[in-house]
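Novice: Provide a 3D model corresponding to the input given below.
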Amino acid sequence: MPGMDMNLPLTLTLLAAFAGLTVLSGWLGARPPDLRKENPRLIPWRFVMLLAATVSIFLIIHALTVLGLKTDPPAQY
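Specialist: Next comes the predicted model:
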């Protein structure tokens with residue numbers, strides 16, 4: 001699609017946001033549940049942490065590609 005180019009500043013901004021979401025959701029998911037509360041936890045924080053970490057890994061790979069790292073397939077002999 002024309003105009004949907006992810007340049008380096010956008011990639012790094014999204015990487016920082018998803019890395020922060022990974023840390024936050026990891027911290028929230030590691031807290032022990034408080035059974036005295038009326039409302040249980042409704043957000044699966046550990047699953048959110050895994051999704052955010054996966055997106056962060058893909059954004060790291062994309063940032064390295066934008067910076068010029070070549071990922072050519074191995075040579076076939």
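Novice: And residue 41, which helix or strand is it part of?
Specialist: Residue 41 belongs to no helix or strand when elements are defined using DSSP states H and E.
Novice: Pretty sure it sits against residue 32.
Specialist: No - under the criterion of C-beta atoms under 8 Å, residue 41 makes no contact with residue 32, lying 10.7 Å away. C-beta here means a position set from N, CA and C on the backbone, and glycine is covered the same way.
Novice: who's more crowded, the two?
Specialist: Neighbour totals were compared for residue 41 and residue 32, and residue 41 leads with 12 against 5 (other C-beta atoms under 10 Å).
Novice: can you give me the mean pLDDT across stretch 18-36?
Specialist: In this model, stretch 18-36 carries a mean pLDDT of 91.
Novice: could I have it exported to CSV, CA atoms only?
Specialist: As requested, the backbone C-alpha atoms of stretch 18-36 are provided in CSV (Å, rounded to 0.1, in the frame of the first residue of the first chain):
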residue,chain,number,x,y,z
PHE,A,18,5.6,-2.5,23.2
ALA,A,19,8.6,-3.0,25.4
GLY,A,20,7.0,-0.9,28.1
LEU,A,21,3.8,-2.9,27.7
THR,A,22,5.8,-6.1,28.1
VAL,A,23,7.3,-4.9,31.3
LEU,A,24,4.1,-3.5,32.7
SER,A,25,2.0,-6.6,31.9
GLY,A,26,4.8,-8.8,33.3
TRP,A,27,4.7,-6.9,36.5
LEU,A,28,0.9,-6.9,36.7
GLY,A,29,0.8,-10.7,35.9
ALA,A,30,3.3,-11.6,38.6
ARG,A,31,1.4,-10.0,41.4
PRO,A,32,-0.5,-12.4,43.6
PRO,A,33,-4.2,-12.4,43.3
ASP,A,34,-6.2,-10.7,46.1
LEU,A,35,-9.1,-13.0,46.8
ARG,A,36,-10.7,-10.5,49.3
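Novice: Buried residues of it, list them for me.
Specialist: Buried positions in stretch 18-36, judged by neighbour count with 16 or more other C-beta atoms under 10 Å: 18-19, 21-22, 25-26, 29.
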